[in-house]
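Novice: Below: sequence and its predicted model.
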Amino acid sequence: MAWNKLKSLFVETGSPKDAADAAMAELEKYHLPAGGADGGVDVAMGDGVDGAVTTGAVGPQGELDFQALYDQAGIPNTDEVEALERFLNGLDDSLPQTSKLAAAKAFLGAIGKSPADVLKDAGRKINVVRTIADAKRSDVDRAAAEHQGVINDLQRQIDEHRGAMESLRRDLESVRNKCATEEGRLQGARAFFGAVGDVKAGPG
């Protein structure tokens, strides 16, 4: 159930700000804090055996089969959270909030569950979700570092090749200058000795 829809069960539309803030503060105490453990499920990353969750269950483009992940983590397939969500989603939106809450309690009693069971089920699943997100971040960070290493190596090679090309251009310019100087010397010799030859061959 979306958080905004869940809030609407406890915070009545048009309630005074103080009353709404108090209701929200009451709800916040049930949030599992970051790093908080609930339910005692083993969600350590591993090979997918004995309750360990792996990022191998993450599909292409980040697709996730959460039920498969919960099964992989060894969470009992009791689905208290999902059962209660389906029940609440089936209720008429026009029902008063007190009626919805009473219906939810009655539903849990009918299936032999308690609010504590829902809290435990949700806490276990939150731990799995957080573990998957953390593991995926670690995988991405590691892969990104590897790619960056390749990029750095390629950049080094590019810089080396650019340097080699620049050295070749300098060598070419040096050779051109020397060849131009030598050609100038030889052209001068041709002109000089050609002129000398012409003088000797002239009248006299």
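Specialist: Sure, I can see it.
Novice: For residue 34, give me its contacts.
Specialist: Residue 34 makes contacts with residue 130, as judged by C-beta atoms under 8 Å, 6 or more residues apart in numbering. Glycine gets a C-beta too; all of them are placed from N, C-alpha and C.
Novice: so where's the chain uncertain?
Specialist: Where the chain drops to pLDDT under 70, the residues are 1-33, 35-61, 77-78, 199-204.
Novice: Roughly how far does residue 149 sit from residue 193?
Specialist: Per C-beta to C-beta, to the nearest Å, residue 149 is found 66 Å from residue 193.
Novice: wait, I meant residue 141
Specialist: Residue 141 sits at a distance of 77 Å from residue 193 (criterion: C-beta to C-beta).
Novice: The protein: helices as residue ranges?
Specialist: 3-10, 17-28, 66-72, 80-89, 97-110, 115-201 (DSSP state H).
Novice: can you put these in JSON lines and add mean neighbour count and distance to residue 34?
Specialist: Supplementary listing: these in JSON lines, determined by neighbours: other C-beta atoms under 10 Å; distance: least, C-beta to C-beta, whole Å:
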{"stretch": "helix 3-10", "mean neighbour count": "12", "distance to residue 34": "16"}
{"stretch": "helix 17-28", "mean neighbour count": "12", "distance to residue 34": "13"}
{"stretch": "helix 66-72", "mean neighbour count": "16", "distance to residue 34": "19"}
{"stretch": "helix 80-89", "mean neighbour count": "16", "distance to residue 34": "20"}
{"stretch": "helix 97-110", "mean neighbour count": "13", "distance to residue 34": "27"}
{"stretch": "helix 115-201", "mean neighbour count": "12", "distance to residue 34": "8"}
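Novice: Counting neighbours, what do you get for residue 75?
Specialist: Using other C-beta atoms under 10 Å, the number of residues around residue 75 comes to 22.
Novice: quick one: it and residue 127 touch, right?
Specialist: No: applying C-beta atoms under 8 Å as the test, residue 75 and residue 127 come out as separate, 9.1 Å apart.
Novice: From residue 84, how far off is residue 178?
Specialist: Residue 178 is 89 Å from residue 84, by C-beta to C-beta.
Novice: Revised request: answer the last question for residue 90.
Specialist: 11 Å.
Novice: ditto for residue 131
Specialist: For residue 131, the distance to residue 84 equals 23 Å [C-beta to C-beta].
Novice: ditto for residue 193
Specialist: Distance of residue 193 to residue 84, computed by C-beta to C-beta: 110 Å.
Novice: Residue 66 too?
Specialist: As judged by C-beta to C-beta, residue 66 and residue 84 stand 16 Å apart.
Novice: cool, residue 110 as well?
Specialist: 11 Å.
Novice: Same question for residue 189.
Specialist: 105 Å.
Novice: go on, residue 190?
Specialist: Relative to residue 84, and taking C-beta to C-beta, residue 190 is found at 104 Å.
Novice: burial of residue 114, as a residue count?
Specialist: Residue 114: 12 surrounding residues under other C-beta under 10 Å.
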